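# any chance you can model this:
(chains A and B)
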Amino acid sequence: MDLPRQTREIFERLSKGKFICQNSPDRVERRLFEICDQNIETLEAYFKPIGFELQYGAGYYYFSKELQESQVEAKLANILQLLDYIEIFYQYDEHFNVNWRGSPIDLAKAATDNIAIKERIEKINGVGGKDLFQKCEEIFKKMERDGFMALEDPYEKRYVVLTSYNYLVDFFKSVKEVNRYVSA
Amino acid sequence: MQLTVKRLLKNLSANSDLIEYLFLKRDSAVTLANARSLTKDGKIERLVQIGLLVANDGLVELEEDFRTFLESVLDSNDEIEIGNIGDWIDDISHNILLYNNADTYERRQRFIKRIDRILKKIPLKISKSLIKLHQHIHLTYKSADAFALKRIELQRYKEKLEQLMAIDQRIETMLSAEADFFKHIAPQATATLYYHLKAYLTQMRISLVDLQRQVVDYINRVSPDVTFVKHITRLKELKNAYEIRELTNIEMCVRKSLTPLALLPKIQFSSQLETTYGQTIEFGEYVESWYEKQRRALPTRKEDEEIEAEFFDEEAVETYLLDLDALHLEFQESQSDLFTFIINKEFSFSVDFEERLGAFCDMAGLYAHDYILSDEYRIYNNYEYLVIYPKER
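Residues are numbered from 1 along each chain as shown, chains lettered A, B, ... in the order given. You can find the predicted model right below:
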């Protein structure tokens, strides 16, 4: 099995719960994406025996694990928190999607002028920060920590939405309303 | 005095620094004072007189035709110009008509040379336009501009692409109409250019279709997905009303969808591994062996015995259930391991060994993220169990 030279780096990134994204501002990560693309079958076969499933979506790679019953609630809680954040972004800009760029300061300014956005930010759970700007910054940082955004310009604090965001889009598109109340 | 080629070249050579500067700054405003510092007195006025420069309101720039000529030769024009290809197609038909009506060999040669020039120019021009379109489309999509601007720019490039496709059709129509001329009348060199152009067009069509698909995809991506936005808003409404689990299949989606590590709770466990060892790829073998230990650590239940007939009697039977949450909280305050804690726990009702064993298995599974799963095994009543401690608070 001819493993690429970058296998270790790929493993280190993915095993820490990160994604490898095609549109990352990090040149190294973009290169790792190309390596994964060119060696997908070899890498899948290599990582599988050690319990890591290499998965890919539109422009991103990640490791997945089989979900244990005890982890269902935690995953659901995480997803619902991300729903809160995504909904705020859509209120702010309906163009929010992969490659969208924005900064906490822009979001805070928009919230100052738009009571609906401001209210959502203030009511959101799990977001620290003493003032509106800090809360907005925390939202961007949470998206960054979970691997769906990256800090593209540290000076301007401009973030970019990564291709890994497609995972959330696909997930939420699969969520459908069901009719629980069936008449007899 | 009429400008001759010799004088033109002489002027260009004598003022090359100025012309180069003006060309590099062609998209900005250059003052006369700046321009004068690059040449001798009177030279700028001379260049204006012969039509190479234009001076207005204290600013100076290259004359439009001269600038276009330089951009064309240096291939540095960002504009995608395909409009003149249409004129060239008409020129071919016109020159074929002239050729067919020419009465001398020299005249026929002149017309065939024009046709050959155009047959060579067309694929070059289309290639350049296609390459520029390709670059502009990808650059526009990946740039940091606002989405609304991006959409407008991409729409414009899509229209340019469609113009190119229309030009392709026109060329094909013209070549079919003049097929007799190229196959039977035109000289061999011209016929060869004709066949090259046909082959080129066939290849180019694939590129055009691919690029069209790409630009449409980009336009869709930068356009807001209104349906999805509404869907997210609806899910948020259901979440706020605490109805998202009841009224949607979100729980099923959570279970069935692939789970990235980022969305899993962090598992903490103690190990004897040196942290530096984790940097080597052999770490995978340790992860694999740890994985095996994890699977062995959770004891399985014994198989239940066959259900007796009395079980189905309709008399109500009073049973007690162990409160695992309460046990978990109490265990976290204790100093012992989980198995010992449960075996020695005094309940207000009778709890046999098998029930205690079941409680141990349930708690180890439910609250694993709050416990430390050690590497130590002990034996009790022929049962081997993993020693589990509560995490320090």
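
# next, count neighbours for B:Y377.
12 (other C-beta atoms under 10 Å in any protein chain shown). Glycine gets a C-beta too; all of them are placed from N, C-alpha and C.

# next, A:M149: phi, psi?
With angles defined as degrees, to the nearest 10, A:M149 sits at phi -140, psi 160.

# which residue is the nearest non-sequential neighbour of it?
What sits nearest to A:M149 in space, not counting adjacent residues and going by C-beta to C-beta, 6 or more residues apart in numbering or on different chains, is A:M143, at 4.1 Å.

# wait, isn't that neighbour in contact with A:Y85?
Yes: look at A:M143 against A:Y85 with C-beta atoms under 8 Å: they come within range, at 6.1 Å.

# quick one: the helices in chain A?
A:7-15, A:27-38, A:40-47, A:72-92, A:104-113, A:115-123, A:132-145, A:165-174 (DSSP state H).

# chain neighbours aside, what residue packs nearest to residue 67?
Assuming you mean chain A. Distance criterion C-beta to C-beta, 6+ apart; nearest residue to A:L67, sequence neighbours excluded, is B:T259 at 4.7 Å.

# my question was about chain B, not that one.
The shortest distance from B:R67 to any non-neighbouring residue, by C-beta to C-beta, 6+ apart, is to B:R26 (5.9 Å).

# helix or strand: which one has the one you found?
Here B:R26, judged by DSSP states H and E, is contained in no helix and no strand.

# so what's the nearest residue to A:V175 once chain neighbours are set aside up against?
Counting by C-beta to C-beta, 6+ apart, A:V175 lies nearest to B:I250, which is 4.9 Å off, once chain neighbours are set aside. B:I250 makes contact with A:76, A:79, A:175, B:235, B:244, according to C-beta atoms under 8 Å, 6 or more residues apart in numbering or on different chains.

# now the spatially most central residue of chain A: phi and psi?
When C-alpha atoms, centre = their mean is applied to chain A, the residue found nearest the centroid is A:F148 (2.4 Å). Backbone geometry at A:F148, expressed as degrees, to the nearest 10, gives phi -100, psi -10.

# of the contacts of B:I250, which is the nearest to B:L338?
A:L76 (26.2 Å; C-beta to C-beta).

# the closest one contacts B:E251, correct?
Yes: with contact defined as C-beta under 8 Å, A:L76 reaches B:E251; the gap is 6.6 Å.

# tell me which of those two has more neighbours.
Comparing A:L76 with B:E251 by other C-beta under 10 Å, the one with more neighbours is A:L76, at 18 against 15.

# report the contact partners of the closest residue to that one other than its chain neighbours.
Residue nearest to A:L76 in three dimensions, not counting chain neighbours: B:V254, with 4.9 Å by C-beta to C-beta, 6+ apart. By C-beta under 8 Å, 6+ apart, B:V254 lies in contact with A:67, A:72, A:75-76, A:79.

# flag the least confident of the residues you listed.
Checking pLDDT across those, the minimum falls on A:L67 at 84.

# what pairs with the longest strand along chain B, parallel or antiparallel?
Scanning chain B for the longest strand, with DSSP state E as the assignment, gives strand B:371-380. Applying DSSP bridges, strand B:371-380 is found paired with strand B:383-390 (antiparallel).

# would you put the C-alpha positions of the partner strand in PDB?
C-alpha atoms of strand B:383-390 as PDB (Å, rounded to 0.1, in the frame of the first residue of the first chain):
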ATOM      1  CA  TYR B 383     -17.400 -12.400  37.000                       C
ATOM      2  CA  GLU B 384     -14.600 -10.300  35.600                       C
ATOM      3  CA  TYR B 385     -15.300  -6.600  35.700                       C
ATOM      4  CA  LEU B 386     -13.500  -3.500  34.700                       C
ATOM      5  CA  VAL B 387     -12.600  -1.100  37.600                       C
ATOM      6  CA  ILE B 388     -14.400   2.200  36.900                       C
ATOM      7  CA  TYR B 389     -14.000   5.300  39.000                       C
ATOM      8  CA  PRO B 390     -15.800   8.600  39.000                       C
END
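
# centre of the chain versus that strand, how much separation?
Put simply, strand B:383-390 sits 49 Å off its chain's centre (C-alpha atoms, centre = their mean, to the nearest Å).

# ok, which pair from the contacts of B:I250 is furthest apart?
Farthest pair in the contacts of B:I250, by C-beta to C-beta: A:L76 and B:L235, 12.7 Å.

# what's the per-residue pLDDT of residue 111 here?
Just going to use chain A. A:A111 is given a pLDDT of 92.

# actually chain B
In this model, B:F111 carries a pLDDT of 91.

# what count of nearby residues applies to it?
18.

# quick one: contacts for the residue nearest to B:D337 when sequence neighbours are not counted?
If the residues on either side of it in the chain are set aside, B:D337 comes closest to B:V387, at 4.8 Å by C-beta to C-beta, 6+ apart. By C-beta under 8 Å, 6+ apart, the contact set of B:V387 is B:337, B:339, B:374, B:376-378.

# repeat that with 7 Å
B:V387 makes contact with B:337, B:374, B:376-378, according to C-beta atoms under 7 Å, 6 or more residues apart in numbering or on different chains.

# neighbour-wise, which one of those leads?
Within those, B:D337 tops the neighbour count with 21 neighbours, counted by other C-beta under 10 Å.

# so who does that residue touch?
Counting by C-beta under 7 Å, 6+ apart, B:D337 has contacts B:387-389.
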